[in-house]
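Novice: Let's see this in three dimensions:
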Amino acid sequence: NNRRPPFDDVRVRRGLALALDRQEIIDALLYGQGQIATSTVPPWHPLYPDDVEPLTRDLAGARQLLEEAGWTDTNGDGVLDNDGQPLEFELLTSDDALRRSVSEVIQAQLRDVGARANIRVTEFQTMLAAHRAREFDAVFTNWVLDNFQVASAPNALMHSANAAVENSANRSSVAIPELDALIERAAAATDQATAQQLWGDFTRLVQQTQPMTFMFWLNEMAGVRQEVEGVEMDPRGELRTIRDWSVR
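Specialist: Presented below is the predicted three-dimensional model:
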């Protein structure tokens, strides 16, 4: 929630992002069936910026940013504090087994830089209501979107025009003018080279400012009986050749 401390400070958002080891989560909890995410643009999209590297875990860099933001461990209890307030927040998630497990790993990884995340697990609709109402510090959830409509998700999730609109998809109240401008310009681009450059700039700015921390893309998987032929899945998980299936 970009309007609530400590997440109203870009140094804290980026510092906490640098504390995360998303590859460890993919390997341990997804059995390797995922890819680190950098923004709303998936790595299999034609407009994905190949020159943008995902953030990797950097504990020294995380601690430096948090210290610059005024967070130090003045009493030696292992939790950073600032003006007497601990670096502590509630991490909301649903009772889905994977989300709970990922949240617990996030909690442990953030502890390594002196941040205390208190996990609150609720039934999905309860979590969703709090998320929509912006009644949360931080939330771990997922978003389902049509990856081929590359402009729709960033506009909905991060454009400031939706930051104060009740029940809008911009539930984190993201309001970064430079991000607005890139979303608008990229959405209006009429040739692929320009669009790819602009979405690359958008992704780099998301990496720098961390209005939300993108965790991973789940690999879409399906099981097919050996005698069914002609089955193909596109990157969205759509079985687009169903009209051509045959049984051997």
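Novice: helices or strands up against the helix or strand harbouring I25?
Specialist: In the assignment (DSSP states H and E), I25 maps to helix 22-29. In terms of contacts (3 or more CB pairs under 8 Å, 6 or more residues apart in numbering; DSSP states H and E), helix 22-29 is packed against strand 34-36, helix 97-111, strand 216-218. Where C-beta positions appear, they are placed from N, C-alpha and C, glycine not excepted.
Novice: Save these as JSON lines, and put in mean neighbour count, mean pLDDT and distance to F7 too.
Specialist: Formatted as JSON lines, the entries for the helices and strands packed on helix 22-29 read as follows, by neighbours: other CB atoms under 10 Å; pLDDT from 0 to 100; distance: least, CB to CB, whole Å:
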{"stretch": "strand 34-36", "mean neighbour count": "18", "mean pLDDT": "94", "distance to F7": "21"}
{"stretch": "helix 97-111", "mean neighbour count": "17", "mean pLDDT": "97", "distance to F7": "13"}
{"stretch": "strand 216-218", "mean neighbour count": "18", "mean pLDDT": "93", "distance to F7": "20"}
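Novice: which one of the ones you listed lies closest to M158?
Specialist: Taking CB to CB as the criterion, strand 216-218 is the member of those that comes nearest to M158, at 17.5 Å.
Novice: Okay, now the sheet partners of the closest one, with direction.
Specialist: Strands adjacent to strand 216-218 in the sheet, as given by DSSP bridges, are strand 34-36 (antiparallel).
Novice: what does the partner strand rub up against?
Specialist: Residues lying outside strand 34-36 but in contact with it, judged by CB atoms under 8 Å, 6 or more residues apart in numbering, are 22-23, 26, 43, 54, 215-219.
Novice: who wins for most neighbours among these?
Specialist: The residue in the contacts of strand 34-36 with the most neighbours, by other CB atoms under 10 Å, is R22 (24 neighbours).
Novice: Identify the bridge partners of the closest residue to that residue other than its chain neighbours.
Specialist: The shortest distance from R22 to any residue other than its chain neighbours is 4.9 Å, reached at I36 (CB to CB, 6 or more residues apart in numbering). Bridge pairing for I36 (DSSP bridges) gives the partners F216.
Novice: show me where the protein has strands.
Specialist: For the chain, strands defined by DSSP state E occupy the ranges 34-36, 81-82, 85-86, 88-94, 116-122, 138-139, 216-218, 228-229, 246-247.
Novice: Please identify the most buried of the ones you listed.
Specialist: Mean neighbour count (mean count of other CB atoms under 10 Å) peaks for strand 138-139 among the strands of the chain, with a mean of 22.
Novice: can you tell me the average pLDDT over that one?
Specialist: When the per-residue pLDDT values of strand 138-139 are averaged, the result is 98.
Novice: still on that earlier bit, would you mind measuring from the residue nearest to R22 to T72?
Specialist: Taking CB to CB, to the nearest Å as the measure, I36 falls 30 Å from T72.
Novice: now the helix holding I25: how far from the chain's centre is it?
Specialist: 15 Å (CA atoms, centre = their mean, to the nearest Å).
Novice: any idea of the mean pLDDT for that helix?
Specialist: According to the model, helix 22-29 has a mean pLDDT of 97.
Novice: relative to helix 97-111, how tilted is that helix?
Specialist: 140 degrees (axes from the mean of the first three to the mean of the last three CA atoms, to 10 degrees).
Novice: any residues touching helix 22-29, and which ones?
Specialist: 32-37, 54, 56, 98, 101-102, 105-106, 109, 215-216.
Novice: again, 6 Å this time
Specialist: 34, 36, 101-102, 105, 215-216 (CB atoms under 6 Å, 6 or more residues apart in numbering).
Novice: Format the strands of the chain as CSV; extra columns: distance to E238.
Specialist: Listed next are the strands of the chain as CSV, based on distance: least, CB to CB, whole Å:
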stretch, distance to E238
strand 34-36, 18
strand 81-82, 47
strand 85-86, 46
strand 88-94, 25
strand 116-122, 31
strand 138-139, 28
strand 216-218, 15
strand 228-229, 16
strand 246-247, 19
